[in-house]
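# let me see the structure of the following:
(chains A and B)
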Amino acid sequence: DAMVIQNPRYQVTQFGKPVTLSCSQTLNHNVMYWYQQKSSQAPKLLFHYYDKDFNNEADTPDNFQSRRPNTSFCFLDIRSPGLGDAAMYLCATSSLTSGRADTQYFGPGTRLTVL
Amino acid sequence: EDQVTQSPEALRLQEGESSSLNCSYTVSGLRGLFWYRQDPGKGPEFLFTLYSAGEEKEKERLKATLTKKESFLHITAPKPEDSATYLCAVFNDYKLSFGAGTTVTVRA
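Prediction:
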């Protein structure tokens, strides 16, 4: 019944070693989001895809990139992780329509540790 | 810029002791206010969406209400399994802006 799946659930990487996090969805939603959440803080939007259109938040570091090869999958690439990038990374999806806001459904998250 | 402030930061309740969580917001053109529950180490789980002032929604022991400046999440006769962090978020344009959450601990 899983709707938004994230892999791996836990990822350990070394300082500066590139890492890729994966998200897939079975909801056929047209929008996919990546959030970063640090301990006891609010989730912070990094970027989102509206269909194939990539939208970066102004304050998202260049170190973070994303790919969406098809409707179901989205990847978060961290090119050179620093200690400050250790966090929970959350993927979410929604079916964005004009007018009312549609619900965003979140995956279980990937906990990234940087050594 | 959208702002969402939740209070209190933490709330400790005895089982059966009802209470309310507050979410105050500043947004130009609210298109929806969302409540999520987040358990430690997990992703947020959707609870409610409220779209206009005066709207109320209920689910089991939870009830969410909305005014033009704030939303309340009322927990009636909580149980230990209601222990979690409750996140409020406003939707404007294309994205959710979250508050930092209220961590609720319910003791048996």
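
# can you list the residues of chain B near chain A?
For chain B, the contact set with chain A under C-beta under 8 Å from any C-beta of the partner chain comprises B:4, B:31-32, B:34, B:36, B:41-46, B:49, B:51, B:87, B:91, B:94-96, B:98-101. Glycine gets a C-beta too; all of them are placed from N, C-alpha and C.

# among those, which are in helices?
Judged by DSSP state H, these include no members of helices.

# quick one: buried ones out of those?
B:4, B:31-32, B:34, B:36, B:42-44, B:49, B:87, B:91, B:95-96, B:98-101 (16 or more other C-beta atoms under 10 Å in any protein chain shown).

# in its sheet, what does the host helix or strand of residue B:89 sit against?
Element membership of residue B:89, judged by DSSP states H and E, is strand B:84-92. The pairing partners recorded for strand B:84-92 under DSSP bridges are strand B:32-38 (antiparallel), strand B:95-98 (antiparallel), strand B:102-107 (antiparallel).

# if you average pLDDT over each of the ones you listed, which is lowest?
Of all these, mean pLDDT reaches its minimum on strand B:95-98 (a mean of 90).

# what does that one contact?
With contacts defined as C-beta atoms under 8 Å, 6 or more residues apart in numbering or on different chains, strand B:95-98 is touched by A:33, A:42-45, A:48, A:104, B:2-4, B:27, B:34, B:87-90.

# report how many residues lie close to the nearest residue to residue A:19 once chain neighbours are set aside.
Excluding the flanking residues, the one nearest residue A:19 by C-beta to C-beta, 6 or more residues apart in numbering or on different chains is residue A:13, at 4.5 Å. Residues contacting residue A:13 under the criterion other C-beta atoms under 10 Å in any protein chain shown number 17.
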